[in-house]
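Engineer: quick one, structure for this:
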Amino acid sequence: MPALKNPRHEAFAQALVDGLPAYKAYVEAGYKAHDGDASRLRRKAQVQARISELLEELAEKKLVTRESLAAEIDQGIVLAHKTEQSASVISGAMAKAKLFGLEAPTRNLNVNLSGTFNQLTDDELRFEVASMINEARAVKGTPPIALPAKKEEKDNG
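Structural biologist: Down below sits the predicted model:
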């Protein structure tokens, strides 16, 4: 739908889409303020149709995509380079990496230290510590270390 034939109706519709309340949009469009006239104009079918069309156009322009966000980040990085703000350059690069899923995954490791270690023998303590280290290594994706033999295993072997 092209612009409304009446330029004041078009100005009114555009002012509403820009966020003005109807009574202010009415005055902005060149009308004299009068109770209820803004509401009447807003209810006209052609004005309602034009407002809907303008809102759809605005929504298309404001559509946020991964690419549009990346472009904004790139603009920020360029500006940060120009102003020699290295921390901002790094932040922008990290934001872009996160946007595209290139960041290193974070892993949580919970280690239960509620045991009574003072009751363990030295060999048992070494075994427990090595086991905890291997749990951490497994989370990081590194191979485990050899576990020291427990005292019972030494006696039996």
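Engineer: can you spell out the domain ranges of the protein, please?
Structural biologist: The chain resolves into domains spanning 7-61, 66-99, 117-156 when parsed by automatic domain parsing.
Engineer: quick one: closest of these to residue 106.
Structural biologist: domain 117-156 (10.5 Å; C-beta to C-beta). To be clear about C-beta, it is placed using only N, CA and C from the backbone, and glycine gets the same treatment.
Engineer: now that closest one: average pLDDT?
Structural biologist: Average pLDDT, domain 117-156: 79.
Engineer: isn't residue 41 right up against residue 48?
Structural biologist: No - with contact taken as C-beta atoms under 8 Å, residue 41 and residue 48 are classed as non-touching, separated by 10.1 Å.
Engineer: out of the two, which sits in the busier spot?
Structural biologist: residue 41 (20 against 12; other C-beta atoms under 10 Å).
Engineer: after the host helix or strand of that one comes which helix or strand?
Structural biologist: In this structure, residue 41 sits in helix 37-43 according to DSSP states H and E. Going down the chain from helix 37-43, the next helix or strand is helix 45-61, by DSSP H and E.
Engineer: circling back to that earlier point, now the domains of the chain in TSV, with distance to residue 106?
Structural biologist: Converted to TSV, these look like this (distance: least, C-beta to C-beta, whole Å):
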stretch	distance to residue 106
domain 7-61	35
domain 66-99	11
domain 117-156	11
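Engineer: which among those is found nearest to residue 108?
Structural biologist: That would be domain 117-156 among these, by C-beta to C-beta, at 8.2 Å.
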